[in-house]
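> The following block contains a protein sequence and its predicted model.
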Amino acid sequence: MHRFFKTLIPLCILSGSACINVPDVDPPDQGTPNQPVGNFSLSADPTQASVFQGGSKNIQVTLTRTGGFTDNVTVSLFNPPAGISAPSVTIASGTTSATLTISVSANAEPGPKTLTLRGTAGTLSQDVSVSLSVAGQGDLLVQWASPSQSSVHVKDSVQFQVVVEGGTAESVDLYKDTVFLTRLSAPSYQYTWDTSQETEGEYQLTARATRGGATFTSSARTIKVDHTAPKVKTQSPAPGATAVAVRDTIQVTFDEPLKASTVTDASVVLGTAGASNVAKTLSLSADGRTLTLTPSAPLTLPATVTINLGSSTAPLTDLAGNALTASTPWTFTVPAWLPMGGAISAVNGPTPAENVSMKVATDGNPVIAWSESDGTAKNIYVRRWTGTSWTDLGPALNAVPGASFDTIEPDLVLDTANRPTVVWNEVSTNKGDRELYGSRWTGTTWASLPPFLPAIRADQGSRNPGGIAFDKAGNLVVTPFLASYGTYDLEVFRLASNDWETLTAPEDGSFPVNSDLAIDATGNWFMAYPAHWETGTDTHWAIYASKRDIYGNWSKLGDPLISPSKGSSNSPSLALNGNGLPIIAWEESSSPNSTVYAALWNGQSWQMLGSTINGNTTSNTHPSVVVDHDGLPIVAWSGYAAPETSIWVSRWNGSSWQQLGSRLSAATGASTAGFRPTLSLDKNGQPIVAWHESDGSVSNIYVYRYNY
């Protein structure tokens, strides 16, 4: 019996962060003890048999489990004829067969009987029929010693042997259907039938014993003559496939059943560049026509997989023993990253798409926003992945229509209903000054956000994008920076009741610029931003981090982040781990190269995660960081390694950075550089990366997911 208990578990016990009480939730319906999961089917052998009055006969019962069925099955006779009985048997969980012994009483009526064998498991039941001929005392009983099975597949010769019980026969003849085949010589009554010249098909073989003018006939044996080799019917993944998911089912079907005993590790070889025969599980379907291969451990990616089906020393054969028709090796590629659609562009022609922002909805499907020219001016476009393709969310976004008003630098966030809000930078009507604008998707259309206040006055400067997030109460928070007359100031806006309120901003460092923002479930805000850091006579761009508590007070998190090279730090990307501690990745430029770093706030100080993330790449820019379900950071960045600038992704394993697959490059060639990656996680905690990349003439947006 299954017992379920409702419990109230504080989430802090599980995550190490602040507590959230989870309400009671009824467990999913998992059935009752009388409703097993899955189902089963039964088969019996022999299906035709003979027995004397007072004798017994063993019937082998075989169980085929489907749909995850694992329960015991009890097999018994259902409504047997008078004088026939059998004790029930149980096919236990983990086993597939049992022997049912059928007993015939001495006074049972002679003649043919149809027996129903019924298997039951809870409310499930399945039947199989067996024909039993009861011979009376004094009659001859003609039985098969060979073949013992009711049905046999052959391609050349088959051996017959007949046993006569109850007396001596004057003759024993073998019949093929109704045609006399041969007379068997006593006492062995054996015969080898060469079927190599027989037409393919089924033949019913019976033996007839004669004594004193009476004829006694055996049960039939079905001989299926088959001279044709089996052939591959379908293969999945398709031969030559280049974008196979590592969890895709590897399966091949055949035009006829295979003999299960020939499906072995030696006859089905799965190889990769690193292993000649990868360990695997082979599963043949109940009908023998579908073979499924499952690697015992995840493949090392990227991998080119080659499967060989059968060989001269270990052939795959059909039930008759015909070897599988020779075929070329079956090859496909399992890359480290899988494309989610192809090149993404909203406007036909040479209209560069760039600067993509991405978030992943709770269903695991990403939403992207990017900037692209329509041939006259740049606009913002938003699309959602449906699981198979990208679909537009409304028309192009802009706030100041006009040929000279470019709309750029979109930033995207999703609310609890997975509706996107987009904030972007656009030239205002005030003599080229730039302002922030935004729109919220209602589910059917875009609704403009109220203007940011105070508005930028003519010739005042530019309000530039920064961080964007929803606070604990579901209010939108935006942290731009204002560039005006040679000064830079951080701003913090919160949208409540459809009005912006201006909040205090961190004041550490001078000339702060492009910030990133993260807000935890308890209401703490974290910001990371570049600003001037002065040490004696030196001034450097360093990364500052600040925390805003639930009372609205900002406090600096340790010393500014700067590498030993003391270069110019920029482009911070901020994420929170499972304990609510910030992790920052940033780029740092120092002659002659730029490098990507990451650090974790341990509650007291900043802890560098390794040395550099980028390894052997150069000209590294625009890192993007997320934290996986294990609390480990993943960073994507743009970096150069001959012959081109590409997107790279690495995961911190607790002690070092490990690159996830090879470089990400949708198009090949020195003129197809990739820039500005943005990372998110799917619902399984695996990375999805979006970026813009040139195809040699114009840039497009690309989105790839990690193959896991």
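Nice, I can see it.

> Please count neighbours and contacts with C-alpha atoms only from this point.
Noted.

> gap between Gly567 and His540?
Between Gly567 and His540 the distance, using CA to CA, to the nearest Å, works out to 7 Å.

> Those two: which is more packed in?
For Gly567 and His540, the more surrounded residue by other CA atoms under 10 Å is Gly567, and the numbers stand at 20 against 16.

> Show the contacting residues for the more buried one.
Contact analysis of Gly567 by CA atoms under 8 Å, 6 or more residues apart in numbering lists 540-541, 588-590.

> Going by neighbour count, which of those residues comes out on top?
Neighbour count (other CA under 10 Å) singles out Glu588 as the most crowded of the contacts of Gly567, with 27 neighbours.

> Hmm, Ala598 and that one touching each other?
No. Under the criterion of CA atoms under 8 Å, Glu588 makes no contact with Ala598, lying 10.7 Å away.

> for the residue nearest to Ala323 when sequence neighbours are not counted, what are its contacts?
Nearest non-adjacent residue to Ala323, counting by CA to CA, 6 or more residues apart in numbering: Thr317, 4.2 Å away. Under the criterion of CA under 8 Å, 6+ apart, the neighbours of Thr317 are 229-230, 258-259, 262, 323-324.

> Any stretches of the stretch 1-150 of the chain with poor pLDDT?
Applying pLDDT under 70 to the stretch 1-150 of the chain flags the ranges 1-34.

> Oops, could you answer that again for the chain instead?
1-34, 402-404, 428-432, 457-460, 536, 563-565.

> Residue most distant from the centroid, it?
Using CA atoms, centre = their mean, the residue of the chain lying farthest from its centre is Gly212. It sits 72.2 Å away.

> Any chance you could list what contacts the one helix or strand Ser569 maps to?
Element membership of Ser569, judged by DSSP states H and E, is strand 568-576. Contacts made with strand 568-576 from outside it, assessed by CA under 8 Å, 6+ apart, are listed as 514-518, 520, 527-530, 540-543, 562, 582-590, 621-627.

> After that strand, which helix or strand is next?
Moving toward the C-terminus from strand 568-576, the first helix or strand encountered (DSSP H and E) is strand 582-590.

> Sheet-wise, list the partners of that next one with their directions.
Paired with strand 582-590 in the same sheet, following DSSP bridges, are strand 568-576 (antiparallel), strand 593-601 (antiparallel).

> Out of those strands, which is the most enclosed?
Neighbour counts (mean count of other CA atoms under 10 Å) averaged over each of the strands paired with strand 582-590 peak at strand 568-576, with a mean of 25.

> could you pull out the strands for the stretch 451-600 of the chain?
Secondary structure of the stretch 451-600 of the chain (DSSP state E, counting those that start in this stretch): strands at 462-470, 476-484, 487-490, 492-496, 499-503, 516-519, 525-535, 538-548, 554-556, 568-576, 582-590, 593-601.

> now the angle between strand 538-548 and the last one, please.
Going back to what we said before, that points to strand 593-601. 30 degrees (axes from the mean of the first three to the mean of the last three CA atoms, to 10 degrees).

> how far is strand 593-601 from where the chain is centred?
With CA atoms, centre = their mean, to the nearest Å as the basis, strand 593-601 stands 32 Å off its chain's centre.

> Quick check: Met416 is in a strand.
Let me fix one detail, which is that residue 416 is Thr and not Met. No. Assignment of Thr416 by DSSP: H, G, I helix; E, B strand; the rest coil gives coil, placing it outside any strand.

> now the contacts of Gly567 in JSON lines, with distance to Pro187?
Converted to JSON lines, the contacts of Gly567 look like this (distance: CA to CA, whole Å):
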{"residue": "His540", "distance to Pro187": "106"}
{"residue": "Trp541", "distance to Pro187": "104"}
{"residue": "Glu588", "distance to Pro187": "96"}
{"residue": "Ser589", "distance to Pro187": "98"}
{"residue": "Ser590", "distance to Pro187": "100"}
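
> Tell me the one of those nearest Leu557?
Distance to Leu557, by CA to CA, is smallest for Trp541 among the contacts of Gly567, at 16.6 Å.

> Thanks a lot, catch you later.
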